[in-house]
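J.: Quick one, what's the 3D model for this:
(one chain, ligands or ions: 2)
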Amino acid sequence: MGSMIQSQCKCGYESDELYVGGGMMDMGDKCELPFYCDDCEIVISRNILNEKGIKKSNRCPKCRKTIKYYGQIVSEETEYQENFTFDWGIGLEKRYYLKEELHHCPKCKKDKLMFYSSGCWD
Ligand SMILES: [Zn+2]
Ligand SMILES: [Zn+2]
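T.: Ligands and ions are numbered 1, 2, ... in the order given. Okay, here's the model as predicted:
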């Protein structure tokens, strides 16, 4: 099961609903995270895993440029005390965190984008 999140910026930009995390059927080999592409001005979700583990880089489905994800991937032992919009275990050793704070907006290029959770999926 994963989560549905959406992003919204003060400039008016709003992403589609993003499916993040992994599904029940393919747990372990699928983990969708939110990414942004500054060139296409979009927030999207991409699967960061392949057969070998976490991919070194991910590409924008539109312009094929390397894109960055929001949040951090840390080791499972890391203790976090802050608030999160979303967190997800990746395999046994890693964990993904998306902090509840303002993020980079691919449209206005300012840190004014907010993620909020809009439901669950499985
Ligand atoms: Zn792009
Ligand atoms: Zn913006």
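J.: residues touching the residue positioned nearest the centre of the chain, list them.
T.: The centroid of the chain falls nearest to P34 when counting by Cα atoms, centre = their mean (2.3 Å). Listed by Cβ atoms under 8 Å, 6 or more residues apart in numbering, the contact set of P34 reads 5, 7, 18, 20, 43-45, 69-71, 98, 115. C-betas here are computed from N, CA, C, even on glycine.
J.: change it to 7 Å
T.: 5, 18, 20, 43, 45, 69-70, 98 (Cβ atoms under 7 Å, 6 or more residues apart in numbering).
J.: residues from this protein in reach of ligand 2?
T.: Counting by Cβ under 5 Å from the ion, the residues of the chain lying close to ligand 2 are 9, 11, 13, 105, 107-108.
J.: hmm, back to that, lowest pLDDT pick from the contacts of P34?
T.: Least confident of those in the model: V20, at 91.
J.: Now for the closest residue to the residue nearest to the centre of the chain other than its chain neighbours, how many residues are close by?
T.: The spatial neighbour of P34 that comes closest, neighbours along the chain excluded (Cβ to Cβ, 6 or more residues apart in numbering), is Y70 at 4.8 Å. Number of residues near Y70 (other Cβ atoms under 10 Å) recorded here: 22.
J.: Look up how far D111 lies from Y70.
T.: Y70 is 11 Å from D111, where distance means Cβ to Cβ, to the nearest Å.
J.: Who does the residue nearest to the centre of the chain form a beta bridge with?
T.: Assessed by DSSP bridges, P34 has beta-bridge partners S45.
J.: ok, now Y96?
T.: Bridge pairing for Y96 - DSSP bridges - gives I73, W88.
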